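Trainee: pasting the sequence and the predicted coordinates here, then a few questions.
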Amino acid sequence: MRSVSKLAYGLMLGVASVAVTASPAIAAKKEKAAEAPKRNLSKEFMAAAQPVQKANEAKDFAAMSAALPTAEAAASTPDDKFTAGNFRLAAGIGLNDPKIQRDGIKQMLASGASLGADEGKFNFFAGKLAYDIKDYNDAVPYLQKAADANYEPSNSNLLLAEANFQKAIALSGPGGQLSPAAKPIALQGLPALKKAIELEKAAGRPVPPAWLSRGFSIAYTAGSPDAPQWAMLQVETDPSGNNWRQLLRSFQDRNRTMTAGENLDLMRLMYQTGALQSEYDYAEYADTASKLALFGEVKTVIDQGRSNGKLPASKLNDFYTQATSKMASDKASLASAASDAAKAANGKTAAFTAGAYHGYGEYGKAVELYRLALQKGSVDAGEINTRLGIALALSGDTAGAKTAFEQVSSGPRKEIAQFWLLWLSKKAAA
């Protein structure tokens, strides 16, 4: 039931609608960019700029904007050009026109005048204003320079990331999917977003969940090999059911040749974390457990889906009816099976019987038989240790569960065990 990635489908539809914006504090600092120190201006420029200055003092910003070309034509020195750009910025602020503001700051940056410690600030506002008018091609180089200068580092890196993301989305067109040409552009923004997150953490500030969600969505839809790390960051910061679902579904997508048994132990974690959020999720779990003759588990998972409203009462009736009709005889056979397991030459009967007890929530008996299976051998130690860890965790033996999970050292099960260990750590911290 994993041939179609439901996670990919949902993320592709949502790429264009997820937005991360810079701190509101940015807007409050806009006026500061218009301030300029005293500069050595040529006589020709000062004469040509008189109408501009008078219009500025009168707050007639339309007249100021109209007079600017004459003053700009007379600007010959770096300080002249810087001041002309500053006038254009002031006109743009007065007219509330971000494009004119952006052009003014760009003139100041291109003037050749010394900006000193303010160079990062001017680059930041040139990039921010270009971003505001959706000129992402123009925004990226200025924001990169601001980030390199360590000006407002979290905001510079955040906006640099988002400028790349929005550039990629614009290139892709409608539909919410990233085109092949857009994916490399989107990927260019991920290091900047990660840097912004690291800076927030280093400053002791909480990272907004939207930043992490944005990183995972872009990484996943752009095909980044770092998508699992972004999913893990989401869970570590906010272990919600949706974040767990993205982490575990992305793992499934990377491991499409997993066995049914491996997938079962992943679905068991989805059940515990609230990651089962759709009829598809519950159907996959019920189908997997049914094929492994875990009738008690089939009933339990369907009952949960129906009780929380995520599974309509009429759905999965075939699985439910089959499971409930076999439970009585199946449970009645377990004592005999356990006795046979104790006499068997290997641990296979013990492992199978432990799984049945596990499915009925009888974790103490399951633990006993999983340990017997390991003792007798001829079983997959990675599988049995994973399930021993799960049974111990669900019975409340956290220390024992950790020990069992840490014995799983290879294949997809190693990562599945790590997910269970992460769940235990989050549960302890809650």
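Mentor: Thanks, I have the structure now. Numbers count the residues shown, from 1 in each chain.

Trainee: please count neighbours and contacts with C-alpha atoms only from this point.
Mentor: OK.

Trainee: contacts for stretch 97-111?
Mentor: Residues outside stretch 97-111 that contact it (Cα atoms under 8 Å, 6 or more residues apart in numbering): 78-79, 81-93, 115, 119, 122-123, 125-127, 129-130, 132-133.

Trainee: pLDDT of it, averaged?
Mentor: Averaged across stretch 97-111, the pLDDT comes to 95.

Trainee: quick one: that stretch to chain centroid distance?
Mentor: Distance, stretch centre to chain centre, for stretch 97-111: 34 Å (Cα atoms, centre = their mean, to the nearest Å).

Trainee: also stretch 296-313?
Mentor: 29 Å.

Trainee: now tell me what touches it from outside.
Mentor: Here stretch 296-313 makes contact (Cα under 8 Å, 6+ apart) with 271, 277-279, 282, 285-287, 289-290, 316, 319-320, 323-324, 327, 356, 359-360.

Trainee: out of the residues you listed, which are buried?
Mentor: 271, 277, 279, 282, 285-287, 289-290, 316, 319-320, 323, 327, 356, 359-360 (16 or more other Cα atoms under 10 Å).

Trainee: next step: the contacts of stretch 97-111 restricted to helices.
Mentor: Filtering those for membership in helices, criterion DSSP state H, returns 78-79, 81-93, 119, 122-123, 125-127, 129-130, 132.

Trainee: if any of those residues are buried, put those into a ChimeraX selection.
Mentor: Here is the ChimeraX selection string for the buried members of the ones in helices among the contacts of stretch 97-111, based on 16+ other Cα under 10 Å:
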select :78,79,81,82,83,84,85,86,87,88,89,90,91,92,93,119,122,123,125,126,127,129,130
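
Trainee: where does this protein dip in pLDDT?
Mentor: Applying pLDDT under 70 to the chain flags the ranges 1-37.

Trainee: one more time with 80, if that's ok
Mentor: Low-confidence segments of the chain (pLDDT under 80): 1-38, 173-176, 429-430.

Trainee: okay, now the domains of it?
Mentor: Annotated domains of the chain cover 19-188, 260-429 [automatic domain parsing].

Trainee: is it possible to get JSON lines of those domains that adds distance to residue 231?
Mentor: As requested, the domains of the chain are exported to JSON lines (distance: least, Cα to Cα, whole Å):
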{"stretch": "domain 19-188", "distance to residue 231": "16"}
{"stretch": "domain 260-429", "distance to residue 231": "12"}
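
Trainee: which one of those lies nearest to residue 221?
Mentor: For these, the distance to residue 221 is smallest for domain 19-188, at 6.8 Å, taking Cα to Cα.

Trainee: how close does the residue lying closest to residue 381 once chain neighbours are set aside sit to residue 357?
Mentor: Leaving aside its sequence neighbours, residue 381 sits nearest to residue 374 (Cα to Cα, 6 or more residues apart in numbering; 6.7 Å). To residue 357, residue 374 is 16 Å away according to Cα to Cα, to the nearest Å.

Trainee: one more: residue 192?
Mentor: Taking Cα to Cα, one finds residue 192 at 49 Å from residue 357.

Trainee: what do you get for residue 337?
Mentor: 11 Å.

Trainee: more crowded one of those two?
Mentor: residue 357 (24 against 16; other Cα atoms under 10 Å).

Trainee: could you say which helix or strand holds the more buried one?
Mentor: helix 348-359 (DSSP states H and E).

Trainee: hmm, who's touching that helix?
Mentor: With Cα under 8 Å, 6+ apart, helix 348-359 has contacts from 293-297, 334, 337-338, 340-342, 363, 365-370, 372-373, 377-379, 384, 391.

Trainee: 7 Å instead?
Mentor: Taking contacts as Cα atoms under 7 Å, 6 or more residues apart in numbering, the residues outside helix 348-359 that touch it are 294, 296-297, 334, 337-338, 341, 363, 365-366, 369-370, 372-373, 378-379, 391.

Trainee: list the buried residues in the following helix or strand past it.
Mentor: Sequence-wise, the next helix or strand downstream of helix 348-359 (DSSP H and E) is helix 363-376. For helix 363-376, a neighbour-count test (16+ other Cα under 10 Å) marks 363, 365, 366, 367, 369, 370, 371, 372, 373, 374, 376 as buried.

Trainee: could you do stretch 205-218 as well?
Mentor: With burial defined by 16+ other Cα under 10 Å, the residues of stretch 205-218 counted as buried are 207, 211, 212, 213, 214, 215, 216, 217, 218.

Trainee: which strand or helix spans residue 170?
Mentor: Per DSSP H and E: helix 153-172 holds residue 170.

Trainee: that helix packs against which elements?
Mentor: Identification of packing neighbours for helix 153-172 by 3 or more Cα pairs under 7 Å, 6 or more residues apart in numbering; DSSP states H and E yields helix 136-148, helix 183-202.

Trainee: check which residues of stretch 224-232 are buried.
Mentor: Here stretch 224-232 shows 224, 227, 228, 230, 231, 232 as buried, counting by 16+ other Cα under 10 Å.

Trainee: one more: stretch 141-156?
Mentor: Buried residues in stretch 141-156 (16+ other Cα under 10 Å): 141-147, 149, 151, 153-156.

Trainee: nearest to residue 246 among the residues you listed?
Mentor: residue 154 (25.7 Å).
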